[in-house]
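Enquirer: Fold the following for me, if possible:
(chains A, B, C, D, E and F)
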There are 6 protein chains.
Amino acid sequence: MDDRRENREAMPAGPVALFGIPWDRNASFLRGASLGPGRIREALHSGSSNLCTEAGQDLSRDPRWRDLGDLDLDGEKEPLKRVEEEVTRILSRGFRLLSLGGDHSITYPILRAYSRTFPELTVLQLDAHPDLYDELDGNPFSHACPFSRIMEEGRISRLVQVGVRSITPHQIEQARRFGVEVVAMQDWHMRRDLKLTGALYLSLDLDVLDPAFAPGTSHNEPGGFTSREVLGIVQGLKVPLVGADIVELNPLRDPTGITAMLAAKLLKEILGRMLEEM
Amino acid sequence: MDDRRENREAMPAGPVALFGIPWDRNASFLRGASLGPGRIREALHSGSSNLCTEAGQDLSRDPRWRDLGDLDLDGEKEPLKRVEEEVTRILSRGFRLLSLGGDHSITYPILRAYSRTFPELTVLQLDAHPDLYDELDGNPFSHACPFSRIMEEGRISRLVQVGVRSITPHQIEQARRFGVEVVAMQDWHMRRDLKLTGALYLSLDLDVLDPAFAPGTSHNEPGGFTSREVLGIVQGLKVPLVGADIVELNPLRDPTGITAMLAAKLLKEILGRMLEEM
Amino acid sequence: MDDRRENREAMPAGPVALFGIPWDRNASFLRGASLGPGRIREALHSGSSNLCTEAGQDLSRDPRWRDLGDLDLDGEKEPLKRVEEEVTRILSRGFRLLSLGGDHSITYPILRAYSRTFPELTVLQLDAHPDLYDELDGNPFSHACPFSRIMEEGRISRLVQVGVRSITPHQIEQARRFGVEVVAMQDWHMRRDLKLTGALYLSLDLDVLDPAFAPGTSHNEPGGFTSREVLGIVQGLKVPLVGADIVELNPLRDPTGITAMLAAKLLKEILGRMLEEM
Amino acid sequence: MDDRRENREAMPAGPVALFGIPWDRNASFLRGASLGPGRIREALHSGSSNLCTEAGQDLSRDPRWRDLGDLDLDGEKEPLKRVEEEVTRILSRGFRLLSLGGDHSITYPILRAYSRTFPELTVLQLDAHPDLYDELDGNPFSHACPFSRIMEEGRISRLVQVGVRSITPHQIEQARRFGVEVVAMQDWHMRRDLKLTGALYLSLDLDVLDPAFAPGTSHNEPGGFTSREVLGIVQGLKVPLVGADIVELNPLRDPTGITAMLAAKLLKEILGRMLEEM
Amino acid sequence: MDDRRENREAMPAGPVALFGIPWDRNASFLRGASLGPGRIREALHSGSSNLCTEAGQDLSRDPRWRDLGDLDLDGEKEPLKRVEEEVTRILSRGFRLLSLGGDHSITYPILRAYSRTFPELTVLQLDAHPDLYDELDGNPFSHACPFSRIMEEGRISRLVQVGVRSITPHQIEQARRFGVEVVAMQDWHMRRDLKLTGALYLSLDLDVLDPAFAPGTSHNEPGGFTSREVLGIVQGLKVPLVGADIVELNPLRDPTGITAMLAAKLLKEILGRMLEEM
Amino acid sequence: MDDRRENREAMPAGPVALFGIPWDRNASFLRGASLGPGRIREALHSGSSNLCTEAGQDLSRDPRWRDLGDLDLDGEKEPLKRVEEEVTRILSRGFRLLSLGGDHSITYPILRAYSRTFPELTVLQLDAHPDLYDELDGNPFSHACPFSRIMEEGRISRLVQVGVRSITPHQIEQARRFGVEVVAMQDWHMRRDLKLTGALYLSLDLDVLDPAFAPGTSHNEPGGFTSREVLGIVQGLKVPLVGADIVELNPLRDPTGITAMLAAKLLKEILGRMLEEM
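Expert: Next up is the predicted model:
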């Protein structure tokens, strides 16, 4: 936990907390996602834009959210357990969480914590990959596996995956086994109504976007969404959004910084959407 | 005024003039837009394409337009006034103008000049931002302010802004006050018929495009148009196009040059469209 | 130990052969396309993705295709003739071919060879340019000319060009003369049903994609297809696909490698589509 | 002041403090230097290296320094005055300071504060430019002017500039007037012995390095030092180093991040050198 | 048609073999080094240069070397063992080896094989890091460890490391324990005579070069050699060079390809130097 | 000839003329050098530096030179002949020329023209390559051949080549035949005194610099000069400099613009040196 911790404790609980989890040790191919939270904040506060949502909501003047800084996991022996504890503690203080990854492995401990407060959660996962491997390279906590762990443990009511365009026979089998609803990218135009109900958690892997819009991810998978389409999905949500994460920004692959800018924009819209609930 | 000036004077007046205004002192964040006109011309004449429009109109053989070169504003004490005088002079010789910026602050003096020749002008502004600040960092002529100045002075009949996706409460108020028609990016698909009539001036800020298509702007704002959508808007105009500008190319942010290539392509289509009027 | 060659000779003939033609001497502007086949294979086998199609077909376990490696044209006096002979020989062994360029000039000898086996071929050319120049800079075999040669010799039944957005009066005249069906990019949304019938050959010039998605081509032409649209065209083909090429990847213009990744993705989908025929 | 402030107050005083001043409003050409402190810390803690100096001194286990975080200057009316106050306060707690800019204008208030504690200071400025303009674009506090202010006020005993390779007649005159010792880049090989004595403050503008080594600066000036040469200057200092700053990292011009990596490396060597004094 | 294999078997054994080992699973931070051999060959054969050494030796006409292609390690359970076996086999055919990595972990099995043929080998390691960790992240075969394994097993007579500029107390201790001669980068100018004798193996980690010259490595460590200095070291070797490797090219960090070009240049000079022995 | 032509005629003759020759049709590998003159001027006038030499000579106030703009060679049937005529005409007006390429083929016609005014010329060629091919790809006027043409015709007294590090047996033979003095890069440190006498012409191919300093050339050849070394050679010239060219800037390979900045810096130093003569 870095120096911002005390701060986090001392201030009165507000409804939405921004929280960075700079962790990339479960990445299977490239590291770099641990630099994500820092770069997203940099883009958020850079002089090139402002803190308003597209609808003109000025987040800089909104007292209902705060930035709790980053969780320091260096040298941590059980980092995922630590994430779970920390998220549990933040939820217990009445916050809803918008977490910034980090690789996608962090969603598993986040949802473990969430499942205790929100036992009937629907999760909308925007992702080029189902992340449903049973294990990868011998690691059951790889960023390719979190949703297998979540489904095995029965943590959530429903998992809807949108934007998938790289899936293996093994993962097709896993999806069938767990009852995951997979909306392949190529079918998106025909299945836009996801019939979501109840409390929603949004897990946004930036590689759901086409590499033209988001080159800064470790696994560039062409054929993805435009930035406008993802903004449209967020802005069009009609159910209560009780939590979210934005994961897999890899600044080492983002030479011009457009992926960080996009992540910051999505952050603003998601935050705006979460605050609407209140 | 550079060495091409004499030339400009001596030749018989033609109907459309290309004109560069390499000015970026009113940029609020990054300089570099002054390099725009040079790079757009370079892309236009590079060996990688030709001078034909998409409809096959060969501009290299069309005698009805000419390139007047760049306006030299170095050391100029009242640069915006100088722009206005120069544009007035060119209009008086019978030209319609296609100006290449430069930051967006140049549109204010251009439209002051235009308003005397075309008192009932409709302006279509393609832009991620409304540029309606009353002032920014104490500068009322900032590139974030030109349309406040234009509307205050009542220079034009109608201002339609398309593609806006970053707006503050202050600017929403300004738009209301001046009667500006703002078509937000997220509403574009529902409001494509702009019901334009009469003589039109097109002010194209390249940041209306998504940074995936146009990274070379000072204020990357994700969620914008595709290149095809902007080409479609230009090609679909049904009213007389009497003037245009292409602004905010920042070559310092365009490492692969795709933004300059896109600006050159848009230039060809706009020029082709302007020549159709005749 | 690289064992491509042994394979090639010893294994029983399979239905689809991947074949690289690293040739760029007929490029008119930039060289670099000769590096294409190597980079596409690199992306195909990189640790960032897998060998499954979007429909979950696992090509890594499919015995019905093989990679024949690259044709070495260094020092070859009549390279295009050599391509024709080699393609003829591969076809005679029962393969259907998926060739990786190289510049677009290689499609001429490939189709000469194909025309003997498939005399009633329809060719679908996805390209920003018609490549119908009679000659360019004095070279009748330039990458700007292959379809003039093919049409003159009456090698195919029908040529349909989709995505064209840079055409000259000379090429419009050539298209008319040869009966080429040109679907301009701006008309694509109205003419999506191409009414294809019979055996089809797909020639995919990567510059049909917008430079945002495929910066790594020698002639960036803005206003092109998204990656999703091209994937949709491939996935939607309803006629037998008997051959294909992917040309004009220029790695010297692809600093982040997204064009190579996209070419590899298209390769997988085209290969999957070709194998469906069997 | 950000959330780390309290922390800063509460902990016992240690001998060297790392301190970020993310300020770039006095830059004359490009903004971006305000992103410097964040990127340098990121590089310092990235998984690609460790916290040891070249001599094997492990800074991660050294209790004699700490990171005080960044000074928040957003909305500050008199930012330079604020810097001076803050530096004064830190010095009064017994720290020696290693500041991370920010543009070079921050060195003026830092040295005002230092001059009260160290009235006989020698300043070694490594820089491509003398920064001795009387004013630039009407701004006497521009990043092109700090050393004029410092010398006018007689704050230091001696100013030695090394690496200068862009100087105007006006600045030559200023240097003469103030008795600044300018060692031009082209003369460095003949004047390596700077005959430094007494307490030293090092002001390191990253543009003293050649753009090949440090592209990430706002004013690339070719012909500069190699990274090895600058490391050698730092490692070879034989007088007590009582303070230092590293300024002008502009991450917007550092696509591959090598400048940030170099800044972090220099930070480690300077910090190691400062700790040797104790 | 790729004819590397035929060559390999049919031609009489020649003295030097080029051999690719595309392996990066032992990298601790970033993957990508497995793309190294492909990119180095691409650069070697690209149209931008030729196959002559700086002394004018034309390698394209020299029958005394051949390219054995790449070792396929996909799915290999004991990859390092496989490398050792393959190198042993190649050595037994009378070749001396110039291997292309891959991460630096491959040097361990290569030297195990070499040590049987050359029991009195001196190894000159050009590297920014000593690679003497006992283990890293629990992996004793990490690319940070090969020289600990080699020294523990007593495989070589002498290990000289040149260019080291990132070393930890643990590694200083390891070097002392194993009697490794470490020439730190900062001392190079004073210790250029390495007093090499007997048969030499050169292990060249590209990160020994400064990131300005070789950005394409996973661990950019500023303050390194210029390309000229490394060429000078190779060209100045006076003892028999019986083997070499060039490792750690990471093309994912080499957007402009200059590191691959440099690796290819070094390959030519090393190869030329190895052929001189004969 | 572009619009600046008249200007060129009308103004009184001054001693040094800057002259752009945007020509790249004789490049053997990549085009792009035709964009060179534009980019060098852009860098020269950009807001990031000024027009002073390193010695503080202010070129912006020096009336003894002027910029004659670019020679328009589009559609020219005999472009090299045209260059020769134009240079002859400019020389006849009393100017000394500093030409900006363009590929290196332009030096042949420039020196043909120079040889009539300066029959005893020494040429100092800074270049990674000798450019002494008899022909390349059938083109005797290729950018790889100009010095063969010049030497065959006996146009100059002496040709000294410095920085050569890519030479073929054929070119070694050509150098011998023509009496060219080749100072290989690896021998430079031992042969710095070139014993130049009489009138000198400097032909500076930017690829003489290492790609770290000048990535923006078509033929990156590692192992070259630092920017400081080339500046040192120019600043150290002790004979009258009567003409010069700077060639082979390829902006398509210069994503961060540092090569253009370096070319502009070299231009200033060469121009300053040429003006000293007067």
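
Enquirer: Below-threshold pLDDT in the stretch 151-278 of chain A: ranges please.
Expert: A:277-278 (pLDDT under 70).

Enquirer: which parts of it sit against chain E?
Expert: If contacts are counted using CB under 8 Å from any CB of the partner chain, the residues of the stretch 151-278 of chain A sitting beside chain E are A:252-253, A:255. Placement of C-beta: from N, CA and C, glycine included.

Enquirer: From the residues you listed, pick the one nearest chain D.
Expert: residue A:255 (3.7 Å; CB to the nearest CB).

Enquirer: what about residue A:138, neighbour count?
Expert: Residue A:138: 6 surrounding residues under other CB atoms under 10 Å in any protein chain shown.

Enquirer: The lengthiest helix in chain A vs chain B: in contact?
Expert: Using DSSP state H to define each element, chain A has its longest helix at helix A:258-276. Yes. Contact of helix A:258-276 with chain B (CB under 8 Å from any CB) involves A:258, A:261-262, A:265.

Enquirer: between those residues, which has the most around it?
Expert: residue A:262 (30 neighbours).

Enquirer: who's in contact with the residue nearest to it when sequence neighbours are not counted?
Expert: The shortest distance from residue A:262 to any non-neighbouring residue, by CB to CB, 6 or more residues apart in numbering or on different chains, is to residue B:222 (4.1 Å). Listed by CB atoms under 8 Å, 6 or more residues apart in numbering or on different chains, the contact set of residue B:222 reads A:213, A:227, A:231, A:258, A:261-262, A:265, B:210-211.

Enquirer: what two of those are the furthest from one another?
Expert: Comparing every pair within the contacts of residue B:222 by CB to CB identifies A:231 and A:258 as the most remote, at 14.4 Å.

Enquirer: closest to residue D:199 among the residues of helix A:258-276 next to chain B?
Expert: Nearest to residue D:199 among those, with distances taken as CB to CB, is residue A:261, at 44.0 Å.

Enquirer: Would you agree that closest one is in contact with residue B:211?
Expert: Yes. Residue A:261 is in contact with residue B:211 according to CB atoms under 8 Å; the separation is 6.6 Å.

Enquirer: can you list residues touching both of those two?
Expert: B:220-222.

Enquirer: which SSE is residue A:66 in?
Expert: Element membership for residue A:66, per DSSP states H and E: strand A:65-70.

Enquirer: Show the residue spans covered by the helices in the stretch 51-200 of chain A.
Expert: Ranges of helices within the stretch 51-200 of chain A are A:79-92, A:107-117, A:146-152, A:169-178, based on DSSP state H, counting those that start in this stretch.

Enquirer: Tell me which residues are up against stretch A:38-46.
Expert: Contacting residues not belonging to stretch A:38-46 are listed as A:20, A:22, A:51, A:67, A:70, A:100, A:246, A:249, A:251, A:254, A:257, A:260-261, A:263-264, A:267-268, D:35, D:38, D:42 [CB under 8 Å, 6+ apart].

Enquirer: Equivalent analysis for stretch A:149-158, please.
Expert: Against stretch A:149-158 from outside (CB under 8 Å, 6+ apart): A:107-108, A:111-112, A:114-115, A:120-123, A:132, A:140-141, A:159, A:178-181, A:198, A:201.

Enquirer: now stretch A:268-276
Expert: Residues outside stretch A:268-276 that contact it (CB under 8 Å, 6+ apart): A:15-16, A:18, A:44, A:51-55, A:57, A:59, A:62, A:64-65, A:96, A:98, A:202, A:204, A:231, A:234-235, A:237, A:241-242, A:244, A:246.

Enquirer: switch to 6 Å and redo it
Expert: Contacts to stretch A:268-276, defined as CB atoms under 6 Å, 6 or more residues apart in numbering or on different chains, come from residues A:16, A:53, A:57, A:64, A:96, A:98, A:231, A:234, A:241, A:244.

Enquirer: Might you report the residue contacts of residue A:218?
Expert: A:27, A:29-30, A:250.

Enquirer: how much space is there between the residue nearest to residue A:262 and chain F?
Expert: Counting by CB to the nearest CB, to the nearest Å, the separation of residue B:222 from chain F is 22 Å.

Enquirer: is it fair to say that residue lies in a helix?
Expert: No. Looking at residue B:222 with DSSP: H, G, I helix; E, B strand; the rest coil, it is coil, so not inside a helix.

Enquirer: Stretch A:226-244: end-to-end distance?
Expert: One end of stretch A:226-244 sits 20 Å from the other (CA to CA, to the nearest Å).

Enquirer: Next: stretch A:128-137.
Expert: OK, stretch A:128-137 end separation, CA to CA: 20 Å.

Enquirer: List only those of the contacts of stretch A:268-276 flagged as buried.
Expert: Neighbour-count burial (16 or more other CB atoms under 10 Å in any protein chain shown) applied to the contacts of stretch A:268-276 gives A:16, A:53, A:57, A:96, A:98, A:231, A:234, A:241, A:244.

Enquirer: out of those, which are inside strands?
Expert: Among those, the members falling in strands (DSSP state E) are A:16, A:96, A:98, A:241, A:244.
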